[in-house]
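*Asks:* Pasting the sequence and the predicted coordinates here, then a few questions.
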Amino acid sequence: MALITLRNITLAFGGPPLFDGVNLQIEPGERLCLLGRNGTGKSTLLKLIAGELPPDGGEIHRQQGLKVALVAQDVPHELAGTVFDIVAAGMGNAAGLLASYHHVAHRLATEGGATLLLELEKLQHRMEESGAWSLHQEVERILNRLSLDADAEFSALSGGTKRRVLLARALVAAPDILLLDEPTNHLDIDTILWLEEFLGKNIKTLVFVTHDRAFARRLANRVAELDRGRLFAFDCAYDQFVERREALLEAEVTRQALFDKKLAQEEVWIRQGIKARRTRNEGRVRALKKLREEYRQRRERQGTARLQLQEGERSGALVAEVEGISYAWDGKPLIRDFSTTILRGDRIGIIGRNGSGKTTLLRLLLGELKPQSGNVRLGTRREVIYFDQLREQLDLQATVQDNIGGGNDTVVINGKPRHIIGYLQDFLFSPERARTPVHILSGGERNRLLLAKLFTRPANVLVMDEPTNDLDAETLELLEDLLLDYSGALLLVSHDRDFLNSVVTSTLVLGDDGAVDEFVGGYDDWLRQTQEQTPAAPAVKKAPQDKPKPPRERPRKLTFKEEQELAELPARIAALEEEQTAILATLADPEFYKSAGTEVGRLNTRLPELEQELVAVYARWEELETLAESLKN
């Protein structure tokens, strides 16, 4: 039985409806990944599920006694107090009593005194009467599990630790459904890996919004996408969703092309004059009116951003050379005895825990900060632009347009003047959106705006500090392609593992002790090289009676039948994929369901069969290919 059911939900904030007949069921044990372009309403949908926002229309049915907890995308500014206070707030009415008891107990342990002891006894009595002892133990259990200091001041914590505290506040209420909005933002890779492990083992039912493809791939067993006011749910993992979505989009393009062709033909016919006004053609006229209305109400899919980076004057071959540099802050070594050379065209990723010194390393490499020991030699003709993760270069009170032009109507891009409105449309800002103040934009829109602002300036050294936060998958892929074609030097700080794998050619890894290690390739390459460098465990000496292992057999040759099978497998795979695409296109066609009958059930049964066949065929192809390659070597 579904925990919560949304039926025909509608919601609008002016303009096109944000939700136009949204339907969704969440079953126990589902880990639903909610995707969609920036501004499609993902965060709003989470608030609807959490009960924080009512819909304009439709029905929401919840199981009796259902508990839902939401961890929002941004840390609320008004939160104050100790970590224990914040987490205990998740207990509802008992929160004040729990917090008072914890504070008095802490003061008694540090200060002592008969007055505090008497106050503590009164609080103990009240907790016994209200049954709050078990709640207090649950708060302490969650704090221990998430490695949080109960007495630390919330305002003094890092962004990543604050998000962990908010997660603890949600978990302490033992929710039936946990809602997470961009949970990986501002977390380092180690914390993201911990979060993946924690959620996979401890949370039964989860709905989360994320731009982190590796995170979605690890956790999701169901995926839903918000697109033009509708919600499309897929009972599959993330990679299968990407394939199915592409097939649906291709089918949609085909349907719209056929629709537009028929509409154009009918428009030609209606203009033929008197023939269209005969009684026998009135039905055709009504059908044309219906086609026109359907075309008028059609919501086109949001276009893709057209990112263009202006490359500055060609820099010298050397961008920066550092030798034996060290830097410490408040007695803690951040960078210790580090040497490297950065050349034009290098794309370098920088990873490390929050607080490990990534931003400090960037400033040292750019010459903005002088090392406490060692030497830094900077290259010539450097033009640097800097993408900061806090987006401090944006004026939140000014409009989108004024942030780009500073009062001017045009900007110069690659030597040619462009009107600001047209330039902003390349970054998916409509003329109306371009005239709104920045503070009402979503996180993804602010990131796109900062990219638009930076890309008005030419550069041959590009520094990007967490540029992927809040960006949707399509914009991420475009940014990846842009950076791959960039001929200048790139310094990239990111926790997005897929983004690092796609973009960088080498990786600097900062340790907790100030050591900086350099590896060739991206995140996965670093993991592989680290494992290879780990010394193998010492071999255990065999007892005399143990028999030696037989010599390793040489790989056998492929039989004639296996060679023939290997040659035929690509065609078989292509046929299966073609059948899968055809079925998906058929199921995506609304007209199909009008006369399909039992054919719908047959096709829905055939789809999972096809997926299993493809998995088996790919496995067999890999097996035979591996055997054939081993013979060549």
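*Replies:* In hand now; what should we look at?
*Asks:* Low-confidence regions, the stretch 251-400 of the chain specifically.
*Replies:* Counting by pLDDT under 70, the stretch 251-400 of the chain contains low-confidence ranges at 252, 269, 272-282, 294-315, 389-391.
*Asks:* Could you pull out the helices in it for me?
*Replies:* Using DSSP state H, counting those that start in this stretch, the helices of the stretch 251-400 of the chain run over 282-297, 358-366, 400-405.
*Asks:* Distance-wise, check the closest residue to A72 other than its chain neighbours relative to K42.
*Replies:* Among residues not flanking A72 along the chain, D181 sits closest, at 5.4 Å (CB to CB, 6 or more residues apart in numbering). Any C-beta I mention is one placed from the backbone N, CA and C, and that applies to glycine too. Using CB to CB, to the nearest Å, D181 is found at 8 Å from K42.
*Asks:* likewise L491?
*Replies:* L491 is 31 Å from K42, by CB to CB.
*Asks:* tell me the contacts of the residue nearest to A72?
*Replies:* By CB atoms under 8 Å, 6 or more residues apart in numbering, the residues touching D181 are 42-43, 46, 70-73, 208-209.
*Asks:* what about 6 Å?
*Replies:* 43, 46, 72-73, 209 (CB atoms under 6 Å, 6 or more residues apart in numbering).
*Asks:* Find the nearest non-adjacent residue to Y618, please.
*Replies:* That would be I573: by CB to CB, 6+ apart, it lies 6.9 Å from Y618.
*Asks:* what pLDDT does the one you found get?
*Replies:* pLDDT, I573: 83.
*Asks:* what's the answer for the one 5 residues further on, then?
*Replies:* You'll see E578 listed with a pLDDT of 84.
*Asks:* quick one on the thing from earlier: format the contacts of D181 as TSV; extra columns: distance to Q612, neighbour count and secondary structure.
*Replies:* Formatted as TSV, the contacts of D181 follow (distance: CB to CB, whole Å; neighbours: other CB atoms under 10 Å; DSSP: H, G, I helix; E, B strand; the rest coil):
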residue	distance to Q612	neighbour count	secondary structure
S43	36	21	helix
L46	34	23	helix
A72	40	18	coil
Q73	38	19	coil
V209	30	21	strand
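*Asks:* if we can go back for a sec, what's around the residue nearest to Y618, how many residues?
*Replies:* Other residues within reach of I573, judged by other CB atoms under 10 Å, total 16.
*Asks:* Over to E623?
*Replies:* Look at E623: counted by other CB under 10 Å, it has 12 neighbours.
*Asks:* how close does it get to E562?
*Replies:* For E623, the distance to E562 - CB to CB - is 10 Å.
*Asks:* Strands of the stretch 451-600 of the chain, start to end?
*Replies:* Listed in chain order, the strands of the stretch 451-600 of the chain (DSSP state E, counting those that start in this stretch) span 461-465, 489-493, 506-510, 516-520.
*Asks:* so what's D402 closest to, chain neighbours aside?
*Replies:* Spatial nearest neighbour of D402, excluding adjacent residues (CB to CB, 6+ apart): D395 at 7.4 Å.
*Asks:* end to end, how far does stretch 102-117 reach?
*Replies:* Here the two ends of stretch 102-117 are set 13 Å apart, with distance taken as CA to CA, to the nearest Å.
*Asks:* And the contacts of it?
*Replies:* Residues from elsewhere that reach stretch 102-117, judged by CB under 6 Å, 6+ apart: 84, 119-120.
*Asks:* Let's see if you can find the most crowded of those residues.
*Replies:* Counting by other CB under 10 Å, F84 has the largest number of neighbours within the contacts of stretch 102-117, with 26 neighbours.
*Asks:* Which secondary structure elements does the one helix or strand it maps to sit against?
*Replies:* Using DSSP states H and E, F84 sits within helix 83-88. Packing partners of helix 83-88 (3 or more CB pairs under 6 Å, 6 or more residues apart in numbering; DSSP states H and E): helix 95-110, helix 159-171.
*Asks:* Mind telling me which of those helices the model trusts least?
*Replies:* What stands lowest among those, in mean pLDDT terms, is helix 95-110, with a mean of 70.
*Asks:* From the centroid of this protein, which residue is nearest?
*Replies:* Geometric centre of the chain, nearest residue: H211, 1.3 Å, by CA atoms, centre = their mean.
*Asks:* Tell me where the stretch 1-150 of the chain has helices.
*Replies:* With DSSP H, counting those that start in this stretch as the criterion, the stretch 1-150 of the chain has helices at 42-50, 83-88, 95-110, 114-130, 133-145.
*Asks:* what's the closest of these to L482?
*Replies:* Of all the helices of the stretch 1-150 of the chain, helix 42-50 sits nearest to L482, with 24.5 Å by CB to CB.
*Asks:* So for stretch 502-509, mean pLDDT?
*Replies:* On average, stretch 502-509 scores 91.
*Asks:* My error: substitute stretch 205-214 in the last question.
*Replies:* Taken as a whole, stretch 205-214 has an average pLDDT of 91.
*Asks:* Quick one: end-to-end distance for it.
*Replies:* Per CA to CA, stretch 205-214 runs 19 Å from first to last residue.
*Asks:* Need the residues that contact that stretch.
*Replies:* Contacts with stretch 205-214, where a contact means CB under 6 Å, 6+ apart, come from 28, 30-32, 34, 42, 177-182, 184, 216, 471, 496-498.
*Asks:* and it, how far out from the chain's middle?
*Replies:* 7 Å (CA atoms, centre = their mean, to the nearest Å).
*Asks:* Switch the helices of the stretch 251-400 of the chain over to CSV; also include distance to D188 and mean neighbour count.
*Replies:* What follows is the helices of the stretch 251-400 of the chain, written out as CSV (distance: least, CB to CB, whole Å; neighbours: other CB atoms under 10 Å):
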stretch, distance to D188, mean neighbour count
helix 282-297, 46, 12
helix 358-366, 9, 20
helix 400-405, 29, 21
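*Asks:* Let me know which of those is the nearest to L343.
*Replies:* The closest of the helices of the stretch 251-400 of the chain to L343 is helix 358-366. By CB to CB, the value is 12.6 Å.
*Asks:* can you give me the angle the closest one makes with strand 489-493?
*Replies:* Taking axes from the mean of the first three to the mean of the last three CA atoms, to 10 degrees, one finds helix 358-366 and strand 489-493 inclined to each other by 160 degrees.
*Asks:* what angle separates helix 358-366 from strand 516-520?
*Replies:* 80 degrees.
*Asks:* Could you list the low-pLDDT ranges of the stretch 101-250 of the chain?
*Replies:* Residue ranges of the stretch 101-250 of the chain with pLDDT under 70: 125-134, 136, 249.
*Asks:* hmm, 90 instead?
*Replies:* Where the stretch 101-250 of the chain drops to pLDDT under 90, the residues are 101-175, 182-203, 211-213, 225-250.
*Asks:* Identify each of the strands in the stretch 301-450 of the chain and give its residue range.
*Replies:* Along the stretch 301-450 of the chain, counting by DSSP E, counting those that start in this stretch, strands occupy 318-329, 332-343, 347-352, 373-378, 384-387, 410-413, 416-419.
*Asks:* Return the most buried member of those strands.
*Replies:* Highest mean neighbour count of the strands of the stretch 301-450 of the chain: strand 347-352, a mean of 22 (counted as mean count of other CB atoms under 10 Å).
*Asks:* Tell me the gap between that strand and the middle of its chain.
*Replies:* Relative to its parent chain, strand 347-352 has a centroid offset of 19 Å by CA atoms, centre = their mean.
*Asks:* So in that sheet, which strands flank it, and in what orientation?
*Replies:* Strand pairing for strand 347-352, determined by DSSP bridges: strand 489-493 (parallel), strand 506-510 (parallel).
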